[in-house]
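# task: produce atomic coordinates for the following.
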Amino acid sequence: MSRSAPKLDMQVQYAASAAGIPRSRKLRRWARAALADDAKVTLRIVDRREARRLNREFRGRDYATNVLTFVYGERRPLEGDIVLCAPVVRAEAGRRHGRLEAHYAHLVVHGMLHLQGFDHERARQAQFMELLESEIVTRLGYPDPYVASAQTPAAG
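As a prediction, the model looks like this:
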């Protein structure tokens, strides 16, 4: 008997406004593509100030980063928050000469994988996580984020 697709309960919060921020329907589609287990997620799009504050408060790093993932416990369904910083995502997409939408898709997938316990702190973990991200993002119809942006650092 085959297992049914994982269930995603996702709230999307727009706390920043900027051109090119994807609609919630696309964000949900990308999150679902990376999901292997049931999850309850809040995905929040923020400005630099909020991203910097969260990164400083929870990671001890005083700058706005592209994506932050907060995981709440290990029980099922998975629960957590994913925070995307709209101005940082836009700037990175511009530097990589990539489409903004493709970069958002990649970062949503990246955040969802973090939620499920994947990490990139060690070389072997990073290699595996990047492989998964590439597979999911290309299956969604976007270019491989690591081939297209080999000269820029991976998502945080």
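# may I have the helix or strand of the chain with the lowest mean pLDDT exported as PDB, CA atoms only?
Lowest on mean pLDDT, DSSP states H and E among the helices and strands of the chain sits helix 145-148, with a mean of 80. Provided in PDB are the C-alpha atoms of helix 145-148 (Å, rounded to 0.1, in the frame of the first residue of the first chain):
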ATOM      1  CA  PRO A 145      20.700  26.600  -8.200                       C
ATOM      2  CA  TYR A 146      24.300  25.300  -7.700                       C
ATOM      3  CA  VAL A 147      25.200  25.100 -11.400                       C
ATOM      4  CA  ALA A 148      23.700  28.500 -12.100                       C
END
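# where does the prediction get shaky in this structure?
For the chain, applying pLDDT under 70 flags the ranges 1-3, 96-98, 148-156.
# mind listing the strands for it?
According to DSSP state E, the chain carries its strands in the segments 8-14, 39-46, 67-71, 78-85.
# deepest of these, which one?
Among those, strand 78-85 has the highest mean neighbour count (mean count of other CB atoms under 10 Å), at a mean of 22. To be clear about C-beta, it is placed using only N, CA and C from the backbone, and glycine gets the same treatment.
# any idea of the angle that one forms with strand 39-46?
20 degrees (axes from the mean of the first three to the mean of the last three CA atoms, to 10 degrees).
# partner strands of strand 78-85, with direction?
The sheet places strand 78-85 alongside strand 39-46 (parallel), strand 67-71 (antiparallel), with pairing taken from DSSP bridges.
# and the contacts of that strand?
Under the criterion CB atoms under 8 Å, 6 or more residues apart in numbering, residues 16, 31, 37-48, 50-51, 54, 64-73, 104, 107-108, 111-112, 114-116 lie in contact with strand 78-85.
# fine by me, thanks again.
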